[in-house]
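Asker: just the structure for this:
(one chain, ligands or ions: 1)
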Amino acid sequence: MKFCSQCGSSRIVLRVPDGDNLPRFVCAECGTIHYQNPKIVVGCLPEWEGRVLLCKRAIEPRYGLWTLPAGFLENGETIVAGALRETLEEAHARVEPTDLYTVISLPQINQVYMVFRARLIDLDFGPGSESLEVKLCEEAEIPWESLAFRTITRTLRNYFLDRKQGDFPVRVSALERRPPLPPDLLAAG
Ligand SMILES: [Zn+2]
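Answerer: A predicted model of the protein is given here:
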């Protein structure tokens with residue numbers, strides 16, 4: 001942070017404010033404490049007669065890889081409204097949300113993913129400006145090797161396992177940074 005968004009001063013210092021226990025960017029001019037907190041990513045897992053709707057990304061990061069429709073929650077927006085908006089923007093798809101399904105913390109990149117299961121209302125969908133292609137996939141057609149994010153892989157894996165049980169409990173988990181590969185695996189390529 002270079003300038004205070006409150007007063008425009010460049011006198012920003014990183015220090016632990018009184019009564020706090022973490023370092024924050026504090027403006028030495030006006031005293032404003034600039035808290036930084038995780039961003040929330042909301043999305044849908046749209047279902048239609050046993051198939052799920054995937055989007056091929058037309059933007060970086062992970063251009064050309066497959067994902068569920070999801071994106072950053074906006075200020076003033078509920079998580080359900082955000083998930084519906086992202087699904088409409090990226091897949092031009094209208095859905096009826098059923099239940100919150102996965103909540104995944106990504107502490108290394110300061111994000112929290114929240115994915116709803118949702119029922120596709122009709123088959124009138126297609127790629128939005130952030131997608132190259134949108135399609136319905138059977139479980140056997142999921143491009144597991146070409147999924148864009150580990151959050152999406154985890155959500156889909158949980159989904160197909162839970163579907164066999166006929167029960168979809170809310171799955172709360174975390175994804176930490178991958179540990180480095182042990183030397184023998186690295187050598188093996
Ligand atoms: Zn200031």
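
Asker: and residue 120, what are its bridge partners?
Answerer: residue 95 (DSSP bridges).

Asker: so what's it up against?
Answerer: 46, 47, 48, 53, 93, 94, 95 (CB atoms under 8 Å, 6 or more residues apart in numbering). For every residue, glycine as well, the C-beta is placed using N, CA and C.

Asker: any chance of the residues you listed in TSV with neighbour count as columns?
Answerer: Putting the contacts of residue 120 into TSV (neighbours: other CB atoms under 10 Å) gives the following:
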residue	neighbour count
46	28
47	18
48	16
53	24
93	25
94	16
95	25
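
Asker: farthest pair in those residues?
Answerer: Greatest spatial distance among those (CB to CB): 47 and 94, at 13.2 Å.

Asker: can you tell me how far residue 169 is from residue 24?
Answerer: As judged by CB to CB, to the nearest Å, residue 169 and residue 24 stand 37 Å apart.

Asker: more crowded one of those two?
Answerer: The residue with more neighbours, out of residue 169 and residue 24 and counting by other CB atoms under 10 Å, is residue 24; that gives 16 against 10.

Asker: pretty sure that one contacts residue 16?
Answerer: Yes - assessed by CB atoms under 8 Å, residue 24 is found in contact with residue 16 at 7.2 Å.

Asker: which neighbours do the two share?
Answerer: Between them, residue 24 and residue 16 share no contacting residue, judged by CB under 8 Å, 6+ apart.
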